[in-house]
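Engineer: Could you work out the structure for the sequence below:
(2 chains)
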Amino acid sequence: MEQIITSVLTRTLIAGTPLLLGTVGEIISERGGVMNLGVEGMMAVGAVSGFAVTYTTGNPWLGLAFSMICGALFALIHAFVSISLRANQVVSGLALSMLGLGISGLWGKPYIGKPLAIKMEAVNLPYLRDIPYIGEIFFRQDPYFYLSIILGAGAWFFLYRTKLGIVVRSTGENPRAAETQGINVHLVQYLCVMAGGAFAGLAGSHLSIAYSKSWIEGLTAGRGWIVIALTIFSMWDPKRAFTGAYVFGGIFVLQYLLQPLGISPNFLAMLPYLTTLAVLVFYGLSLEGHRKMHAPAHLGEPYKRGER
Amino acid sequence: MLRIDISPRENEKPLISNLILAASLLAGLAAIGVVFLAKGVNPFFAIYKIFSGSFGSMYGFKETVTKSIPLILIAAGLTIAYRGKFWNIGAESQLLAGAAAATWIALTWAASLPAWAAILLMFTGGFIAGALWGIVPAILRVRFGINEVISTLMLNYVGAEFIKMLVIGPWKGKTQFGFPYTDDFPETAQLALLGNSRIHFVTLIIALAVSALVYVLLFRTRFGYEVRVIGENQEAARYAGIDFYRTTIIIMIISGGLAGLAGVGEVAGLHHHLTYPESISSGYGFTAIIVAWLSRLNPVTAIFSGLFFAGILVGGDAIQISLNLPAATVNIFNGIILVFLIMGEFFQKNSVTIKLQGAKWNR
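Structural biologist: Below is the predicted model:
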């Protein structure tokens, strides 16, 4: 029994890692005022680019770095179309998702069925790893896990405790006012969208070079859409993204564990989406709901310079 | 010195708009060519293969028409929703709701009914089921203020998982050797096909009629006028006394219902049983978004853009086999064309002048 519990917790943290990375990225993007529904596509691009580089060079760290670069560059398409050309962010994001799934499928075809010789190894922190239970759960994870915690905490600190974080948040809240304060709204939004892309790329390469250690078409399996849900679930706050990512990650793990007990895996697969809807309904019930949820006020609306 | 001047166009001229649309499509095709080139495939050959595969042979063309049926139906509903700025991206599961309702009717009652009654009942049931599934995000929006992009997206997954649960669980067919299918429909619940094609013409006729009806509804009735006012300016709509609650619900009854009809066509015309969502719909709910966008939210024009994208789906299948490309390739076409379409929209709305040391280009 103890073994099952530690194993479930360990795998929950693993399953939650890409969700956390993706969600923190989307939070940064949306805090800047740009909704990006292209997470699924950016993750796929990150997964395949990270895999390709790791496979060719044998260095997973290069793959990790490359997946972030590719994710950021890929997000640039959405930034250009939705910020500079003020296109509808919903449509542009959907296009990015389709494009990313397509490109990753084409790019990754030669790599299907070729496992990585060298994958991202677990860190195995000395001493800490030997603590009973806790060592196994927390201190034998792969570097992505620790990176995601550092980046998640860092993103929270950045958004809420630094001047630049205020710049980002006020851009999403009221771009007009931000501009009168001398902020270059479009530049901030470009950077936020690209940061979102880099995080999504990182989330993707976690799947291909640390988690499954192989590439197949559809590796991301809808995680990008869960990230969209989690962003709302966590109310645009990286702190709550931790809770959300690990709860939803836990549901992933339970899907397989509870199946023999007669609980439909399909029902469990619905849970992340149903939970998100339930949370939204709960906040919607109160009149002040939207303000309580702290949604960036100007989210999703293109900003035109110098317009009154 | 390079200077770019951007100013909104005073009034959109149809000729310029259409030229820009054509230019965006060509630029999109060029970008697709670049992707092929990067992959070491001759881009002209690949694009030729796509269109010869879908429009160049009788067999290909019949398949194209078959695949255009759900696209035209769904896109007609989406034009109404998007005109009213209700971003329904849940057509994929609204289609599944229709397919499930049709399946239930087919397996419960159809055997004891004449074919016309069974088919009529299935289409009615499919419309109602799609509409009910579509009303959910409408209510969430007007009652709880929940963004419909998010809710329709979430409901897509809920719907798909529910269908999977049905076909591997209580609805699993006794005669299907353990496959995740329901039992096959009785013959009275199967749609006739045109000649030796897979064109279920009853649904095709419904789709064409619906497109015309939706056009009339949008541009010739008071309801259509209200939808467009809501879409253009919600404040103005409120001052004009337009009931946002009621209009949004009706929008989603139509939009969801039409996607439901598409689902009935797929199961009654092609599969004759319910099975995994990805087999019932190859992303029609998403592709129809691009179809609607390409038509500039006009349900009649959407017939042609529906055929065009059905062609890309069929041609995509063709080159997948002949050039050994992965199934996801079609997503590249869809994504790139959509990106270029919305980029083109910027130039339709704004005139952009580039000045370069006295030289001047106008677009």
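Engineer: interface residues of the stretch 101-250 of chain B facing chain A?
Structural biologist: By Cβ under 8 Å from any Cβ of the partner chain, the residues of the stretch 101-250 of chain B that approach chain A are B:140, B:143-146, B:149-151, B:153-155, B:157-158, B:161-162, B:164-165, B:168-169. Quick note: C-beta positions are derived from backbone N, CA and C, even for glycine.
Engineer: Which ones among those map onto helices?
Structural biologist: Here DSSP state H is the test, and these give B:140, B:143-144, B:149-151, B:153-155, B:157-158, B:161-162, B:164-165, B:168 as lying in helices.
Engineer: Show me which pair in those residues is furthest apart.
Structural biologist: B:143 and B:168 (34.0 Å; Cβ to Cβ).
Engineer: ok, residue B:173 to chain A distance?
Structural biologist: Per Cβ to the nearest Cβ, to the nearest Å, residue B:173 is found 18 Å from chain A.
Engineer: Is that residue part of a helix or strand, or is it coil?
Structural biologist: coil (DSSP: H, G, I helix; E, B strand; the rest coil).
Engineer: Tell me, how many residues neighbour residue A:6?
Structural biologist: Residue A:6: 16 surrounding residues under other Cβ atoms under 10 Å in any protein chain shown.
Engineer: In contact with it, which residues?
Structural biologist: Residues near residue A:6 by Cβ atoms under 8 Å, 6 or more residues apart in numbering or on different chains: A:133, A:136, A:137.
Engineer: So what's the predicted local confidence for it?
Structural biologist: On pLDDT, residue A:6 comes in at 87.
Engineer: gap between it and chain B?
Structural biologist: In this view, residue A:6 and chain B are 29 Å apart by Cβ to the nearest Cβ.
Engineer: Helix or strand for that residue, just tell me which one.
Structural biologist: Using DSSP states H and E, residue A:6 sits within helix A:2-31.
Engineer: what comes up buried for that helix?
Structural biologist: Of all the residues in helix A:2-31, those buried under the rule 16 or more other Cβ atoms under 10 Å in any protein chain shown are A:6, A:9-31.
Engineer: Low-confidence stretches in the chain?
Structural biologist: I went with chain A, as the question did not name one. By pLDDT under 70, the low-scoring segments of chain A are A:285-294, A:306-308.
Engineer: let's do chain B instead
Structural biologist: Scanning chain B for pLDDT under 70 picks out B:1-2, B:355-363.
Engineer: Going along the chain, name the strands of it.
Structural biologist: Taking DSSP state E as the criterion, chain B carries its strands at B:2-8, B:350-356, B:359-362.
Engineer: Quick check: can you list the domain ranges of chain B?
Structural biologist: Split into domains by automatic domain parsing, chain B comes to B:1-41+B:330-363, B:67-324.
Engineer: contacting residues around residue B:12?
Structural biologist: Residues in contact with residue B:12 (Cβ under 8 Å, 6+ apart) are B:348, B:349.
Engineer: Then residue B:82?
Structural biologist: Applying Cβ under 8 Å, 6+ apart, we find residue B:82 in contact with B:88, B:231, B:292, B:293, B:297.
Engineer: which two in the residues you listed are spaced the farthest apart?
Structural biologist: Spanning the widest gap among the contacts of residue B:82 are B:231 and B:293, at 14.2 Å by Cβ to Cβ.
Engineer: And those two? Which one has more around it.
Structural biologist: Higher neighbour count among residue B:231 and residue B:293: residue B:293, with 24 against 18, using other Cβ under 10 Å.
Engineer: hang on, that one packs against residue B:341?
Structural biologist: Yes - Residue B:293 is in contact with residue B:341 according to Cβ atoms under 8 Å; the separation is 5.7 Å.
Engineer: that older thread, between the ones in helices among the residues of the stretch 101-250 of chain B next to chain A, identify the one with the most neighbours.
Structural biologist: Within those, residue B:154 tops the neighbour count with 28 neighbours, counted by other Cβ under 10 Å.
Engineer: any idea how far the nearest residue to residue A:181 once chain neighbours are set aside lies from chain B?
Structural biologist: Nearest residue to residue A:181, sequence neighbours excluded (Cβ to Cβ, 6 or more residues apart in numbering or on different chains): residue A:170, at 7.4 Å. From residue A:170 across to chain B, the span is 22 Å (Cβ to the nearest Cβ).
Engineer: how about residue A:170, phi and psi?
Structural biologist: The phi and psi values for residue A:170, taken as degrees, to the nearest 10, are phi -70, psi -30.
Engineer: Closest approach to chain A from the stretch 51-200 of chain B, which residue is it?
Structural biologist: Closest contact between the stretch 51-200 of chain B and chain A, by Cβ to the nearest Cβ, is at residue B:144 (2.8 Å).
Engineer: Quick check: chain neighbours aside, which residue is closest to that residue?
Structural biologist: Once flanking residues are discounted, residue B:144 sits nearest to residue A:284: 2.8 Å by Cβ to Cβ, 6+ apart.
Engineer: neighbours of that neighbour, just the number please.
Structural biologist: Residue A:284: 18 neighbours (other Cβ under 10 Å).
Engineer: State the helix or strand in which it lies.
Structural biologist: Using DSSP H and E, residue A:284 falls in helix A:265-285.
Engineer: What helices and strands are in contact with that helix?
Structural biologist: Here helix A:265-285 touches helix A:223-233, helix A:238-258, helix A:289-293, helix B:115-144, helix B:148-168, going by 3 or more Cβ pairs under 8 Å, 6 or more residues apart in numbering or on different chains; DSSP states H and E.
Engineer: Alpha carbons of the last one, as PDB, please.
Structural biologist: C-alpha atoms of helix B:148-168 as PDB (Å, rounded to 0.1, in the frame of the first residue of the first chain):
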ATOM      1  CA  GLU B 148     -17.800  30.600 -24.500                       C
ATOM      2  CA  VAL B 149     -14.300  29.900 -26.100                       C
ATOM      3  CA  ILE B 150     -13.400  28.100 -22.900                       C
ATOM      4  CA  SER B 151     -16.700  26.400 -22.300                       C
ATOM      5  CA  THR B 152     -17.100  25.100 -25.800                       C
ATOM      6  CA  LEU B 153     -13.500  23.900 -25.800                       C
ATOM      7  CA  MET B 154     -14.000  22.000 -22.500                       C
ATOM      8  CA  LEU B 155     -17.300  20.600 -23.600                       C
ATOM      9  CA  ASN B 156     -15.600  19.100 -26.700                       C
ATOM     10  CA  TYR B 157     -13.500  16.900 -24.500                       C
ATOM     11  CA  VAL B 158     -16.400  16.100 -22.200                       C
ATOM     12  CA  GLY B 159     -18.500  15.100 -25.200                       C
ATOM     13  CA  ALA B 160     -15.800  13.000 -26.800                       C
ATOM     14  CA  GLU B 161     -15.000  11.100 -23.600                       C
ATOM     15  CA  PHE B 162     -18.700  10.500 -23.100                       C
ATOM     16  CA  ILE B 163     -19.000   9.000 -26.600                       C
ATOM     17  CA  LYS B 164     -16.000   6.700 -25.900                       C
ATOM     18  CA  MET B 165     -17.600   5.700 -22.600                       C
ATOM     19  CA  LEU B 166     -20.800   4.700 -24.500                       C
ATOM     20  CA  VAL B 167     -19.200   2.700 -27.300                       C
ATOM     21  CA  ILE B 168     -16.900   0.700 -25.000                       C
END
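Engineer: Please identify the residues of the stretch 251-363 of chain B in proximity to chain A?
Structural biologist: Checking the stretch 251-363 of chain B against chain A by Cβ under 8 Å from any Cβ, the hits are B:286, B:289, B:293, B:325-336, B:338-339, B:342-343, B:345-346.
Engineer: filter those residues to the buried ones?
Structural biologist: Burial of those was assessed by neighbour count (16+ other Cβ under 10 Å); the buried members are B:286, B:289, B:293, B:325-326, B:328-336, B:338-339, B:342-343, B:345-346.
Engineer: gap between residue B:22 and chain A?
Structural biologist: Here the criterion is Cβ to the nearest Cβ. By it, residue B:22 lies 18 Å from chain A.
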